[in-house]
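Q: here's my sequence, what's the structure:
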Amino acid sequence: MGRSKELWGEDASTFDPERFVRDPKQANNAFKFTAFQGGPRTCLGQNMAYLEEKTMLSMIFQRYDIHLIEGQKVEIQMSATLPMKRGLRLQFIPRNSRKINFC
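A: The predicted model follows:
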């Protein structure tokens, strides 16, 4: 389902995280992102996982500018979870060091 052209369009097999920014309805459809399943029997930990994700990403984005390293070929590895072959290479550049306390 994650690479279905019927659900995602002609560019379904390309790495394009901005598709969720362009069309927020894509991100809110539980049946398109099946990691937590959809319907009445969704994962009990789904809301906690999303809360942890948002917390960590906000902390990272406050501290770093993140850039995709150019020239890498993004491919999937065939397995049950479809991870990326060779991972996704990013460059983390520290922002101006201002103290941010979360405790």
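
Q: how about the secondary structure of the most centrally placed residue in the chain?
A: Of all residues in the chain, the one closest to the mean position by CA atoms, centre = their mean is Pro17, 6.5 Å from it. Three-state call for Pro17 (DSSP: H, G, I helix; E, B strand; the rest coil): coil.

Q: check what pLDDT it gets.
A: Here the pLDDT value assigned to Pro17 is 75.

Q: from Gly9, how far off is it?
A: 15 Å (CB to CB, to the nearest Å). For every residue, glycine as well, the C-beta is placed using N, CA and C.

Q: likewise Asp16?
A: 10 Å.

Q: what ranges does the protein have for its strands?
A: For the chain, the strands defined by DSSP state E cover 64-68, 90-94.

Q: which stretches of the protein have low pLDDT?
A: Of all residues in the chain, those with pLDDT under 70 make up the ranges 1-2, 20, 24-35, 39, 97-103.

Q: now with 80?
A: 1-4, 7-8, 17-42, 80-82, 96-103 (pLDDT under 80).

Q: ranges for the helices of it?
A: 5-8, 19-22, 24-27, 46-63 (DSSP state H).

Q: closest to Glu75 out of those helices?
A: Relative to Glu75, the nearest member of the helices of the chain by CB to CB is helix 5-8, separated by 17.1 Å.

Q: can you pull the contacts of the closest residue in space to Pro94 that isn't next to it in sequence?
A: Excluding the flanking residues, the one nearest Pro94 by CB to CB, 6 or more residues apart in numbering is Tyr64, at 6.0 Å. Counting by CB atoms under 8 Å, 6 or more residues apart in numbering, Tyr64 touches 92-95.

Q: same list (the residues you listed) but as TSV, adding neighbour count and distance to Lys85.
A: Output for the contacts of Tyr64, formatted as TSV (neighbours: other CB atoms under 10 Å; distance: CB to CB, whole Å):
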residue	neighbour count	distance to Lys85
Phe92	11	21
Ile93	8	25
Pro94	8	29
Arg95	12	31
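
Q: want to throw the strands of the chain into a markdown table with distance to Met84?
A: Putting those into a markdown table (distance: least, CB to CB, whole Å) gives the following:
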| stretch | distance to Met84 |
| --- | --- |
| strand 64-68 | 12 |
| strand 90-94 | 12 |
